[in-house]
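In: 3D model of this:
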Amino acid sequence: MSEAEKLEAELMEKALKLAALRKAEAPVEISDYAFQTLSGETRLSGLFAGRDRLLAIHNMGQGCRYCTLWADGLNGLVPHLEDAMAVVLLSKDPPETQRRLARDRGWRFRLASHGGGAYMSEQCKMAGYDNCPGAVVYEKADGKILRRGRAAFGPGDLYSPLWHLLALGGVGADEWTPQFHYWSRPQKMEDGGQNLND
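Out: Numbering: from 1, shown residues only. I've put the predicted structure just below:
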């Protein structure tokens with residue numbers, strides 16, 4: 001077994017230990033924050049959609065290619081995740097902007113905007129960022145909303161397999177940056193190139 005294979009086995013073992021530690025962590029009670037959706041204002045409690053648990057994906061919004069990458073990757077997991085808990089993608093973007101980006105990306109998430117207010121400053125502040133991308137699971141119990149666990153997203157984390165696949169090819173996080181679209185304008189457009197959007 002190579003050193004890389006040994007380390008990979010060790011990391012998988014540590015991931016199981018991390019899951020056990022998270023399960024044992026004491027929950028933290030939080031406020032029932034207000035959010036905006038295309039249907040109007042709702043509260044965090046309303047985002048549970050009748051479920052006991054809610055996975056909130058923290059996204060920095062339309063201006064972040066990295067956040068878009070994570071959401072693209074998690075999008076395929078939505079039906080599986082929704083079998084276990086409610087799922088919502090939260091950002092500071094207005095609901096109309098969120099919907100436009102979601103349509104462009106083919107996202108299936110329910111969406112809500114915290115507008116950059118109290119929720120962002122109190123729940124998204126992690127890893128040295130005031131608006132840190134990541135994920136958090138909330139739980140409803142005895143009329144309270146409890147934060148069960150949370151994690152920050154960043155290159156090389158456990159939540160986007162892309163970084164690990166790039167690493168298999170020797171491509172480091174400092175050598176590659178995600179893009180919104182991967183189309184390059186040809187030197188010559190066969191159709192003349194009028195009214196072309198990049």
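
In: Sticking with D83, tell me its helix or strand.
Out: helix 78-84 (DSSP states H and E).

In: residues near L90, how many?
Out: Residues lying near L90 (other CB atoms under 10 Å) number 26. Bear in mind the C-beta positions are built from the backbone N, C-alpha and C, glycine included.

In: If it is in a bridge, with which residues?
Out: Beta-bridge partners for L90, by DSSP bridges, are H58, A112.

In: Quick check: it touching H58?
Out: Yes. If you go by CB atoms under 8 Å, L90 and H58 touch, sitting 5.8 Å apart.

In: hey, where'd the helices end up in this structure?
Out: With DSSP state H as the criterion, the chain has helices at 3-24, 65-75, 78-84, 95-105, 118-123, 162-168.

In: Pull the first one out as CSV, backbone CA atoms only.
Out: So the one you mean is helix 3-24. Only the C-alpha atoms of helix 3-24 are listed here, as CSV (Å, rounded to 0.1, in the frame of the first residue of the first chain):
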residue,chain,number,x,y,z
GLU,A,3,1.8,6.3,1.4
ALA,A,4,-1.1,8.1,-0.4
GLU,A,5,-3.4,5.1,0.0
LYS,A,6,-2.5,4.8,3.7
LEU,A,7,-3.2,8.4,4.3
GLU,A,8,-6.5,8.1,2.4
ALA,A,9,-7.6,5.2,4.6
GLU,A,10,-6.6,7.3,7.7
LEU,A,11,-8.7,10.2,6.4
MET,A,12,-11.7,8.0,5.9
GLU,A,13,-11.3,6.7,9.5
LYS,A,14,-11.0,10.3,10.8
ALA,A,15,-14.2,11.3,8.8
LEU,A,16,-16.1,8.6,10.7
LYS,A,17,-14.7,9.9,14.0
LEU,A,18,-15.7,13.5,13.0
ALA,A,19,-19.3,12.3,12.3
ALA,A,20,-19.4,10.7,15.8
LEU,A,21,-18.1,13.9,17.4
ARG,A,22,-20.7,16.0,15.6
LYS,A,23,-23.5,13.7,16.6
ALA,A,24,-22.4,14.0,20.3
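
In: for the protein, which spans come out with low pLDDT?
Out: Within the chain, the stretches with pLDDT under 70 are 198.

In: From the centre of it, give me the residue that's furthest out.
Out: G192 (39.7 Å; CA atoms, centre = their mean).

In: center of the chain, which residue is that?
Out: Centre-nearest of the chain using CA atoms, centre = their mean is I57, 4.1 Å out.

In: ok, so what distance separates it from G192?
Out: 42 Å (CB to CB, to the nearest Å).

In: K144 now?
Out: K144 sits 63 Å away from G192, taking CB to CB as the criterion.
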